[in-house]
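Asker: Fold the following, please.
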Amino acid sequence: KRLRGEINKMDRVSSEISLTAFNNAISITNRSAVTTLYEFYNYKEINVIS
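Answerer: The predicted structure follows:
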């Protein structure tokens, strides 16, 4: 009974860790997408000016 509780606790911790990693990956992807958009927009602005 107690062993099962320990396993459940470990499963919960590992799922929380993987969820955090997943969220980090999403935020990194979003950040790079936003950066790319921003750079593209600035590039267009520079081309329009020059």
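Asker: and residue 27, how many residues sit next to it?
Answerer: Neighbour count for residue 27, taken as other CB atoms under 10 Å: 10. C-beta here means a position set from N, CA and C on the backbone, and glycine is covered the same way.
Asker: Quick one: residues contacting it.
Answerer: For residue 27, no contacting residues are found, by CB atoms under 8 Å, 6 or more residues apart in numbering.
Asker: Next: residue 12.
Answerer: By CB under 8 Å, 6+ apart, residue 12 lies in contact with nothing.
Asker: From residue 44, how far out is it?
Answerer: 48 Å (CB to CB, to the nearest Å).
Asker: any idea how far residue 39 lies from residue 18?
Answerer: Going from residue 39 to residue 18 by CB to CB gives 31 Å.
Asker: whoops, I mixed them up, residue 30
Answerer: For residue 30, the distance to residue 18 equals 19 Å [CB to CB].
Asker: ok, now residue 44?
Answerer: The gap separating residue 44 from residue 18 is 39 Å, by CB to CB.
Asker: Residue 33 too?
Answerer: Taking CB to CB, one finds residue 33 at 22 Å from residue 18.
Asker: ditto for residue 37
Answerer: Distance from residue 37 to residue 18, by CB to CB: 29 Å.
Asker: low-confidence ranges in this structure?
Answerer: Low-confidence segments of the chain (pLDDT under 70): 1, 46-50.
Asker: Recalculate using a threshold of 80.
Answerer: Within the chain, the ranges that satisfy pLDDT under 80 run 1, 7, 43-50.
Asker: Tell me which residues touch residue 38, please.
Answerer: Per CB under 8 Å, 6+ apart, neighbours of residue 38: none.
Asker: Sticking with it, tell me its helix or strand.
Answerer: Using DSSP states H and E, residue 38 maps to helix 2-49.
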